[in-house]
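1. whatever this is, show me its structure:
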Amino acid sequence: MDLSLCTQCYCLAARRHARAMTRRFEARLRPHGLRATQFSILAALALAGSQPTGALAELLGLERTTLTRSTTLLARNGWLRAERSQDGRERPLLWCSRS
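-> Okay, the predicted model is just below:
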């Protein structure tokens with residue numbers, strides 16, 4: 001299989017640049033104990049306000065299970081908390097400022 005055309009592939013180039021940017025952001029976030037993916041969750045909650053997990057997953061383009069793993073760690077470290085709702089099936093997430 002000849003893969004020589006891949007040297008001009010925009011998809012591969014975009015992914016390479018995205019990984020480089022992520023490494024830079026993560027280096028700046030590391031002293032705060034955050035990863036770039038976790039920061040995007042907190043930023044979405046700070047901007048959009050309290051969100052149920054399903055709505056937040058859709059907003060961020062994440063699978064619910066992936067979001068749940070990240071939010072569990074963020075809650076354990078005091079970055080967010082689950083609120084009570086009138087509908088017991090929902091637990092909206094809320095960003096907590098760690099001043």
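
2. can we go C-alpha only for contacts and neighbour counts from here?
-> Fine.

3. tell me which residues of the host helix or strand of residue 12 are tucked away?
-> Residue 12 is part of helix 10-29, with elements assigned from DSSP states H and E. Across helix 10-29, burial judged by 16 or more other C-alpha atoms under 10 Å covers residue 26.

4. elements contacting it?
-> Judged by 3 or more C-alpha pairs under 8 Å, 6 or more residues apart in numbering; DSSP states H and E, helix 10-29 is in contact with helix 36-48.

5. for the helix it packs on, packing partners?
-> Right, helix 36-48 is packed against helix 10-29, helix 53-60, helix 64-76, strand 93-95 by 3+ C-alpha pairs under 8 Å, 6+ apart.

6. change it to 10 Å
-> Judged by 3 or more C-alpha pairs under 10 Å, 6 or more residues apart in numbering; DSSP states H and E, helix 36-48 is in contact with helix 10-29, helix 53-60, helix 64-76, strand 80-82, strand 93-95.

7. next, the angle from that helix to helix 64-76.
-> Angle of helix 36-48 versus helix 64-76, following axes from the mean of the first three to the mean of the last three C-alpha atoms, to 10 degrees, is 80 degrees.

8. check contacts around the spatially most central residue of the chain.
-> The centroid of the chain falls nearest to residue 37 when counting by C-alpha atoms, centre = their mean (3.4 Å). When contacts are counted by C-alpha atoms under 10 Å, 6 or more residues apart in numbering, residue 37 is found next to 22, 26, 43, 60, 67, 70.

9. re earlier: mind putting the helices and strands packed on helix 36-48 into TSV with distance to residue 2?
-> TSV is the format used below for the helices and strands packed on helix 36-48 (distance: least, C-alpha to C-alpha, whole Å):
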stretch	distance to residue 2
helix 10-29	16
helix 53-60	36
helix 64-76	36
strand 80-82	49
strand 93-95	49
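
10. quick one: which of those is nearest residue 47?
-> Nearest of those to residue 47, taken as C-alpha to C-alpha: strand 93-95 at 9.5 Å.

11. can you check the pLDDT for residue 99?
-> The score at residue 99 is 54. That number is its pLDDT.
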